[in-house]
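Asks: Using only what follows, build the 3D model:
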Amino acid sequence: MIRSERGFILPMTVISVTIFMLFVIHQANMYITEKRFYKESEEIVELDYLMQQAVSDAKQLLQVEQNSAKVEYTKEFQEGTAHIQAELIETSFRVRVECRTINERKYIVRYIYDPEADKITNWRE
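Replies: Down below sits the predicted model:
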């Protein structure tokens, strides 16, 4: 009599556990993806802040060094470093700013700065 009966509980338990495990794995992957996204976003904000500080410092530096043909300057920040290169072209400077975070993420900008008018033009990222 026992041999002719088909089991119902074991297959349902296996299917239920499999579905539950797939759900847990999916949720863990979603959590890891979101964590990476927020870390990436935070680093981009830090890099943008670093660039704003570097451009502000470059403007102040070039106001002082208006007669210099070439200017190079590196500044350390808490978030990373900024390297500024400027070359005098007639009355304006061709400026290149390279910012790096502690995790080696780079952001490079080139622009023309006119110290007399205190104006930035031709901004290229």
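Asks: what sits against the residue nearest to the spatial centre of the chain?
Replies: The structure's the chain has its C-alpha centroid closest to I44; by Cα atoms, centre = their mean the separation is 2.8 Å. By Cβ atoms under 8 Å, 6 or more residues apart in numbering, I44 lies in contact with R105. In short, each C-beta sits where N, CA and C put it, glycine included.
Asks: same thing with L62?
Replies: Taking Cβ under 8 Å, 6+ apart, we find L62 in contact with V71, A86, F93, V95, Y113, P115.
Asks: For those residues, could you give me TSV that also reports secondary structure?
Replies: Output for these, formatted as TSV (DSSP: H, G, I helix; E, B strand; the rest coil):
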residue	secondary structure
V71	strand
A86	strand
F93	strand
V95	strand
Y113	strand
P115	coil
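Asks: Check for me that the residue nearest to the centre of the chain belongs to a helix.
Replies: Yes - I44: assigned to a helix according to three-state DSSP.
Asks: Do I have it right that E116 meets F93?
Replies: No - using Cβ atoms under 8 Å, E116 is not in contact with F93; the gap is 10.9 Å.
Asks: between the two, who's got more neighbours?
Replies: F93 (26 against 9; other Cβ atoms under 10 Å).
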